[in-house]
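Chemist: Pasted the sequence and its predicted model underneath.
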Amino acid sequence: MKKIIVFICFCISGISLGQNDIELVVLGITQDGGSPHINCYKECCTSLREKGLKNQVVSLGIQIHAKKKTYLFEATPDLPNQMATLTQNNAYSLEGIFITHAHIGHYTGLQFLGREAMGAKEQVVYALPKMNEYLTNNGPWSQLVQLKNILLKPITFKNNIELENEIEVKAIQVVHRDEFSETAAYSIESKNKKALFIPDIDKWHLWDKSIIEEIKKVDYAFIDASFFDETEINYRAISEIPHPFVIESLALFKSQPKAFKDKIYFIHFNHTNPLLNSNSSAYKDVIEQGYHIAREGMRLKM
């Protein structure tokens, strides 16, 4: 009898997931260079190499189960694996890719869509104006456009993008190094939940929005946690580094209630960041304070 009950519950759960659920999937968590990192021979990298392990570069995905469709946020150097995970080995279709900015960890995965690898056919890539111009006019990306491996769909910071009548995405401008393109955060909203994705930003106080007020509007906030503290930068002044250090964010959010902190998922970790190590005191302290630390494979209901 117990086996029958378990089987029935499983079937009901499967029906619910297939017909109703939209999930946000964490596909990568590190800063652009990944982990282990090139030219890093510290224990944080060598221990991973010795075990054949790695942490993939920051990326989120959306799975719309009822329609077996997916959308990807960031085209990282780990795109081949992340795409396979998101589409469940091609059981779902990849309908579009959103990119935050033109730094190597966030867009260079587009190369795998070209003739040397996948040879994709008009894979939709949503691009802000400067990013659109950059990809169109600079090789090797321009070849992807010319050969119709990718189909650029222009977006702006003013318009919302409707996806499958299920999800609304909005690009939000953030302050960061904009050598080749704008830098965006993304708001991702379903009929039930709302997420905020800010993998890269300069200091919170330099933004023309209040990060506290923006987090209050959402259910999940994935925010830049590149560096934990000054020990990672040989005790240089934290103010010199154009990222909000985790200790700065913790200080800023300290007086906020538990429900606020429960929305926050730290992500985009430098290879030296102790939050990559679940056994570190820093990791345990952040969790004890009520925050989340993003992990590959994490799934959240939307």
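Modeler: Looks like it arrived, so ask away. Residues are numbered from 1 along each chain as shown.
Chemist: Beyond the helix-or-strand element of the chain with minimal mean pLDDT, next helix or strand please.
Modeler: Among the helices and strands of the chain, helix 2-20 carries the lowest confidence by mean pLDDT, DSSP states H and E, at a mean of 42. Tracing the chain C-terminally past helix 2-20 and defining elements by DSSP states H and E, one meets strand 22-28 next.
Chemist: List of residues touching that next one?
Modeler: Among residues not part of strand 22-28, those counted as contacts by C-beta atoms under 8 Å, 6 or more residues apart in numbering are 55-65, 72, 74, 76, 78, 82, 85-86, 166-167, 188, 190, 195, 220, 265, 267, 294-302. Yep, even glycine has a C-beta here, placed from its N, CA and C like the rest.
Chemist: Partner strands of that strand and their direction?
Modeler: Here strand 22-28 is paired, per DSSP bridges, with strand 59-64 (antiparallel), strand 299-301 (antiparallel).
Chemist: which parts of the last one are buried?
Modeler: Buried positions in strand 299-301, judged by neighbour count with 16 or more other C-beta atoms under 10 Å: residue 300.
Chemist: Quick one: residues in contact with that strand.
Modeler: Residues beyond strand 299-301 that count as contacts (C-beta under 8 Å, 6+ apart) turn out to be 21, 22, 23, 24, 25, 26, 192, 193, 195, 220.
Chemist: Can you tell me which of those are buried?
Modeler: In terms of neighbour count (16+ other C-beta under 10 Å), the buried residues within the contacts of strand 299-301 are 21, 22, 23, 24, 25, 26, 195, 220.
Chemist: farthest-separated two in those residues?
Modeler: Taking C-beta to C-beta as the measure, those reach their widest spread between 21 and 26, a distance of 16.1 Å.
Chemist: from the buried ones among the contacts of strand 299-301, which has minimum pLDDT?
Modeler: Of all the buried ones among the contacts of strand 299-301, residue 21 has the smallest pLDDT value, namely 93.
Chemist: residues touching that residue, list them.
Modeler: Applying C-beta under 8 Å, 6+ apart, one finds that residue 21 lies in contact with 65, 66, 301.
Chemist: From residue 41, how far out is the second one?
Modeler: Looking back up the chat, that one is residue 66. Here the criterion is C-beta to C-beta, to the nearest Å. By it, residue 66 lies 48 Å from residue 41.
Chemist: can you check the last one too?
Modeler: Residue 301 sits 41 Å away from residue 41 when distances are taken as C-beta to C-beta.
Chemist: about what we covered before: residue 66 and residue 41: which has the busier surroundings?
Modeler: residue 66 (13 against 10; other C-beta atoms under 10 Å).
Chemist: Return the backbone torsion pair for the more buried one.
Modeler: According to degrees, to the nearest 10, the main-chain angles of residue 66 amount to phi -60, psi -30.
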